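Participant: Take this sequence and fold it.
(chains A, B and C)
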Amino acid sequence: MNKIIFHIDVNSAFLSWDAVDRLNHGEKIDLRKIPSIVGGNPINRHGIVLAKSIPAKKYGIKTAQTLVEAYRLCPNLVSVPPRYHIYTKASRAMMKLLREYSPNIEIYSIDECFLDYTNMKKLFASPIEAAYMIKKRLYDELGFTVNVGVSSNKILAKMASDFLKPDRVHTLFIDEIEEKMWPLDVSKLFMAGRSSVKKLRKYGINTIGELAKSDLSFLKHILKSHGELIYNFANGIDDSKVGDLKYSLIKSIGNSTTISYDVTSEEDAYKYLLSLSESVGMRLRAVEKRAKVVVITIKTNEFIVSQKQKKLFETIVSTNEIYREAKRLFDLLWDKKPIRLLGVRVVTTEKEPFKQLSFFENKKEIKLEKLDNTLDELREKYGKDIILRATFLRGKVKPITGGVSSEDDYPKMRSQL
DNA sequence: CGAGAGGTCATAC
DNA sequence: CTAACGGTATGACCTCTCG
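Facilitator: Next up, the predicted model:
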């Protein structure tokens, strides 16, 4: 039985949402109509483009470019700082509206989702009518435009929503693949990234059509299993289901931050590790999981990234335990080169249904967990700034490190939406 | 030789 | 008037080690 799948994608999400909020607060200028971006702060070395308006795009400005490059391309560019709270709210409102059209929704990122319309055909309008209705309602009620891709599976719906923007509905059914998708450059294909594309071009594969018609065993030879994946995608083959639980389980939680200066002292590095451990720990506890592996990342001022990880003998959950492991790994990994970025990540495990008894379970650990739970509750109730560890009383390091992401981002924030 | 640990790479948004 | 390069998650795969 043929399915009907929608992929809904907000046009210039962060920028649109920021623009709408500004208009709602009486601002006269619509950021969407001028060359503008949502951008980080270069002073903190976070200076990249997170989202761009369509006029800005016409200057050649691209997501993830540095602000310096962006200004070079368009000297009168307007840049506004990101406001994640607003984007999260807008996203929630969108997903809520979309749920009226089908209970089967997969939130893919903060501004994108898949919707299985298959069983709704009889209840509501035809798929195309429904797609236009969704688009119109989002604009009328929430003030921003989206692209809707309509097809019989997820990959094709996703490819379709990427066609001409903004404010469009596109179909890409099986019989349209040859005409609409195969002429496109191979880099436009979902999952064909820089490295794969480079290899494909080397062998004269430049369009999606050429990829679709090339030899599968050869692709597997040069790209391993990824070759088969993109071969299938190029042929419109994808049997994954909307909202497949496989993809919604949280497998790891991490935090990393580019620091506004190069860290050269152990003391400073430790403070950042504690701050990162705190935010990771809070999130870990919020989803009621425990950690079985701790990973740390160091990026040097020369952009060289290295990681070190340790599988733990016992699962852990408190900030202090995460910090302890992070610090240990740091001491093993750090070669004293100036540090630009530090990261802490934990691989999660399901919380044990009942308390596991162990030789090593001691009063101190239970105390730590109690302390963390109390801190989490206080912060939940009164805000993150209500309490902080004494280490952070003086100095420039924030007690909790928050994430910064681009509009295309937020894979793991799904659960919060 | 197979399993597990650790490390790197690629990809997405 | 123009500012120097993000953050998070996942999976594949390679290598090493150990029994």
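
Participant: How about whichever residue of the stretch 1-150 of chain A sits closest to DNA strand B: which residues does it bridge to?
Facilitator: In the stretch 1-150 of chain A, no residue comes nearer to DNA strand B than A:S109, which is 3.6 Å away by Cβ to the nearest atom of the strand. C-betas here are computed from N, CA, C, even on glycine. Beta-bridge pairing for A:S109 (DSSP bridges): A:E112.

Participant: For it, give me the pLDDT.
Facilitator: At A:S109, the pLDDT value in this model is 90.

Participant: ditto for A:Y382
Facilitator: On the pLDDT scale, A:Y382 gets 72.

Participant: Over to A:E380. Which of the three states is it?
Facilitator: helix (DSSP: H, G, I helix; E, B strand; the rest coil).

Participant: one step back: and the residue of the stretch 1-150 of chain A closest to DNA strand B, how far from A:A13?
Facilitator: 9 Å (Cβ to Cβ, to the nearest Å).

Participant: So the two - more neighbours on which side?
Facilitator: A:A13 (27 against 20; other Cβ atoms under 10 Å).

Participant: Now that the more buried one has come up, it's in contact with A:Y84, right?
Facilitator: No. Using Cβ atoms under 8 Å, A:A13 makes no contact with A:Y84, being 11.7 Å away.

Participant: Show the residue spans covered by the helices in chain A.
Facilitator: A:13-24, A:54-57, A:67-73, A:84-99, A:127-137, A:154-161, A:177-180, A:194-202, A:208-212, A:216-234, A:266-286, A:319-333, A:363-382 (DSSP state H).

Participant: so where is the stretch 201-350 of chain A shaky, pLDDT-wise?
Facilitator: A:245-248 (pLDDT under 70).

Participant: what does the stretch 201-350 of chain A have sitting close to DNA strand C?
Facilitator: The stretch 201-350 of chain A comes close to DNA strand C at residues A:224-226, A:246-247, A:249-258, A:283, A:303, A:340-341, A:343, A:345, as judged by Cβ under 7 Å from any atom of the strand.

Participant: filter the residues you listed to the buried ones?
Facilitator: A:H226, A:I253, A:G254, A:N255, A:S256, A:T257, A:T258, A:R283, A:R340, A:L341, A:G343, A:R345 (16 or more other Cβ atoms under 10 Å).

Participant: quick one: contacts for the third one?
Facilitator: For A:G254, the residues meeting the contact criterion (Cβ atoms under 8 Å, 6 or more residues apart in numbering) are A:V280, A:V295, A:G343, A:V344, A:R345, A:V346.

Participant: for the fourth one, same thing?
Facilitator: Under the criterion of Cβ under 8 Å, 6+ apart, the contact partners of A:N255 comprise A:L276, A:S279, A:V280, A:R283, A:G343, A:V344, A:R345, A:T401, A:G403.

Participant: Alright, that wraps it up for me.
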